[in-house]
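Trainee: Below are the sequence and a predicted model for it; my questions follow.
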Amino acid sequence: MISKLEMVSVVIPTLNEAGNIRETVTTIHKELAYPKEIIIVDGNSTDGTQEIVEDMGFCRLIIEPRRGYGLALRTGIKNAKGDVVVMVDGDGTYEVRHINLLIETLIENNAELCQATRMYDLRKAMGFTNFVANKIITFCFDFFYSQFLSDTQSGFRAISRSALEEVEFYEDDMAFATEMLVQFAKKDFKMVEVPSSYRPRKYGNPKMRRIKSGIEIFTTMVKGFLK
Ligand SMILES: Nc1nc2c(ncn2[C@@H]2O[C@H](COP(=O)(O)OP(=O)(O)O)[C@@H](O)[C@H]2O)c(=O)[nH]1
Ligand SMILES: [Mg+2]
């Protein structure tokens, strides 16, 4: 639950997002209706991402040379000072203009996490294989952890800082998103969703390796259930 909201920390992991990061960050900078800090956690990009971030001038740039989406977010979250932490990708795929809606919904519902669900967007920019895999993972997660979420792989979330302080994360890569939901479900933290949209990347390629990530996500769900 959010008892005070003095600042929102936005944490964005980037690995070679030179073509996408400026638009993502400037939109957040313009739209976000709360005092804010924008933290970019860059994995030593070689395409000029860091220079673009420095040029914009209003972001905190953290270099995390170790590989992994989860590691980058964990490093960013550890450095975040806000009462609400928003995590979102730097690849321009999420509708970052919905950032205030996520935060308002989080507060109105007295929830610990509010995430953007892409499952009501019929354009299905995530592709058929990812869509089906997401459905299977989400069904298993909801079943085993008694939840009603529709998009467990959403990377656009507003989270209360107090909740983050009560859990410890270990996943280094894409399974981090699932690990967060598992840990929160086990703590009985309230989690809600808002419909949002998703679009294909304009530039660059996804770093996710599907089979490796799928195995890690399932292992994370099972481990959480057995522990
Ligand atoms: N710092 C850092 N960022 C990463 C790493 N891997 C992915 N990212 C970023 O995390 C976000 C999600 O990655 P992406 O490849 O789009 O995964 P997908 O959306 O699941 O296909 C993007 O902003 C990436 O630039 C990494 O190893 N280090
Ligand atoms: Mg992406």
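Mentor: Looks like it arrived, so ask away. Ligands and ions are numbered 1, 2, ... in the order given.

Trainee: low-confidence ranges in the chain?
Mentor: 122, 124 (pLDDT under 70).

Trainee: Around ligand 1, pick out the residues from the protein.
Mentor: 13-15, 17, 41-43, 64, 67-69, 72, 89-91, 174, 206-208 (Cβ under 6 Å from any ligand atom). (Each C-beta comes from the backbone N, C-alpha and C, glycine too.)

Trainee: List buried members of the residues you listed by neighbour count.
Mentor: In the residues of the chain next to ligand 1, burial by neighbour count holds for 13-15, 17, 41-43, 64, 68-69, 72, 89-91, 174, 207, counting by 16 or more other Cβ atoms under 10 Å.

Trainee: Name the residues linked to Val41 by a beta bridge.
Mentor: Taking DSSP bridges as the rule, Val41 bridges to Pro13, Ile62.

Trainee: Pull the contacting residues for it.
Mentor: Val11, Ile12, Pro13, Thr14, Ile62, Ile63, Glu64, Ala72, Leu73, Thr75, Gly76 (Cβ atoms under 8 Å, 6 or more residues apart in numbering).

Trainee: Including distance to Phe225, could those residues go into JSON lines?
Mentor: Below are these laid out as JSON lines (distance: Cβ to Cβ, whole Å):
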{"residue": "Val11", "distance to Phe225": "27"}
{"residue": "Ile12", "distance to Phe225": "31"}
{"residue": "Pro13", "distance to Phe225": "27"}
{"residue": "Thr14", "distance to Phe225": "33"}
{"residue": "Ile62", "distance to Phe225": "33"}
{"residue": "Ile63", "distance to Phe225": "36"}
{"residue": "Glu64", "distance to Phe225": "30"}
{"residue": "Ala72", "distance to Phe225": "26"}
{"residue": "Leu73", "distance to Phe225": "23"}
{"residue": "Thr75", "distance to Phe225": "27"}
{"residue": "Gly76", "distance to Phe225": "28"}
